[in-house]
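Student: Sequence and predicted structure are below.
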Amino acid sequence: MLLVVARVGRAHGLKGEATVELRTDDPDSRLAVGAKLFTEPDQGLVTIARARFHSGTMLLTFEGFEDRTQVERLRNTLLLAEVDIDAPGEDEDDFHDYQLIDARVELEDGTHVGIIREVLHLPAQDTLAIMREGLDELLIPFVRELVPVVDTKARRVVITPPVGMMEA
């Protein structure tokens, strides 16, 4: 299955490097030199020629993109890798975004809260964006203390938000 592993950001320097926003927990293997990635919107396969971190930001160089102008054409392009989704994760708390999107969200007592609309990959931690009928969107940090149960087979997530967090 094709999964998004990064989004190309702005060009960095003059020699065809681009910043990337990581969307994978395994950049060393998914974004390794020589990796061939699909693009969305489709701009054909791209091959990673060089990968490095600079001040906490991943920088990639792609074969055939020799300068800043060329790599700027990839800005905001999603990079997708072929991933074996049935392979076991490193721990039981490894989830792919697609396993969480549209899952039912409820409280511990079974009260329906809403549906997961998106998984936001923020610097501090991942956050679940929950769509609630007739109410504002609810953002819940995706940490065990607040999200103790994730049942991907039943498409169900249980949350334990602190007092006041769910008020519209």
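Tutor: Happy to help now that I have it.
Student: Quick check: beta-bridge partners of the residue nearest to Ala35 when sequence neighbours are not counted?
Tutor: The shortest distance from Ala35 to any non-neighbouring residue, by CB to CB, 6 or more residues apart in numbering, is to Ile48 (4.8 Å). Where C-beta positions appear, they are placed from N, C-alpha and C, glycine not excepted. On the basis of DSSP bridges, Ile48 is bridged to Phe62.
Student: Tell me the spacing between Ile48 and Thr127.
Tutor: Per CB to CB, to the nearest Å, Ile48 is found 28 Å from Thr127.
Student: Neighbours of Gly164, how many?
Tutor: When neighbours are counted by other CB atoms under 10 Å, Gly164 registers 6.
Student: So it belongs to a helix, correct?
Tutor: No: judged by DSSP: H, G, I helix; E, B strand; the rest coil, Gly164 forms no part of a helix; its state is coil.
Student: Looks like Leu2 contacts Leu78 (just checking).
Tutor: No: Leu2 is beyond contact range of Leu78, at 9.9 Å (criterion: CB atoms under 8 Å).
Student: So which of those two has more stuff around it?
Tutor: A count of neighbours by other CB under 10 Å puts Leu78 above the other of Leu2 and Leu78, at 19 against 12.
Student: That one reaches Gly9, doesn't it?
Tutor: No: in this structure Leu78 lies outside contact range of Gly9 using CB under 8 Å: 11.6 Å.
Student: For the most centrally placed residue in the chain, which residues are in contact?
Tutor: Centroid check for the chain by CA atoms, centre = their mean gives Arg23 as the closest residue, at 3.5 Å. Shown in contact with Arg23 (CB atoms under 8 Å, 6 or more residues apart in numbering): Val4, Val5, Ala6, Arg7, Leu78, Asp97, His121.
Student: how about 6 Å then?
Tutor: With contact taken as CB atoms under 6 Å, 6 or more residues apart in numbering, Arg23 is in contact with Val4, Val5, Ala6.
Student: out of everything not next to it in sequence, what's closest to it?
Tutor: Nearest one to Arg23, counting by CB to CB, 6+ apart, is Val4 at 4.9 Å.
Student: Run through the neighbouring helices and strands of the host helix or strand of the one you found.
Tutor: Secondary-structure element containing Val4, defined by DSSP states H and E: strand 2-12. Taking 3 or more CB pairs under 6 Å, 6 or more residues apart in numbering; DSSP states H and E as contact, the helices and strands that strand 2-12 lies on are strand 17-22, helix 68-72, strand 78-82.
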